[in-house]
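Peer 1: Got a predicted structure plus its sequence, pasted below:
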Amino acid sequence: MIWYTADVRSFSPAEYEAAFAMLDETKRARVERMRQKKDKLRTVLADKLARDVLSRELKCAPQEVLFTYEEGGKPF
């Protein structure tokens with residue numbers, strides 16, 4: 001098992017905006033409804049980290065990674 005970590009404090013506003021732009025419409029709306037800035041940052045950073053790891057494994061660009069969600073909102 002491989003663990004990946006990222007420090008939210010080092011996530012710049014430009015990086016946040018770029019990662020936020022890659023979210024699908026539903027996830028962007030979910031993030032926008034969040035009240036706490038730290039929750040928004042963690043959610044967007046987690047998506048970015050997943051995209052970065054998967055894009056390396058799949059040998060594609062991060063924006064080409066698409067997530068599918070079940071009714072409850074969990075990715076699968």
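Peer 2: Yep, that arrived.

Peer 1: got the residue ranges for the helices in the protein?
Peer 2: Ranges of helices within the chain are 13-22, 25-33, 37-58, based on DSSP state H.

Peer 1: What helices and strands are in contact with the second one?
Peer 2: Read it as helix 25-33. Helix 25-33 is packed against helix 37-58, with contacts defined by 3 or more Cβ pairs under 8 Å, 6 or more residues apart in numbering; DSSP states H and E. (Glycine included, C-beta is placed from N, CA and C.)

Peer 1: now swap in the last one and tell me
Peer 2: Other elements packing on helix 37-58 under the criterion 3+ Cβ pairs under 8 Å, 6+ apart are helix 13-22, helix 25-33.

Peer 1: got the contact list for the residue minimising distance to the centre of the chain?
Peer 2: Residue closest to the average C-alpha location in the chain (Cα atoms, centre = their mean): residue 47, at 1.6 Å. Counting by Cβ atoms under 8 Å, 6 or more residues apart in numbering, residue 47 makes contact with 19, 22-23, 27, 67.

Peer 1: Done for today, thanks.
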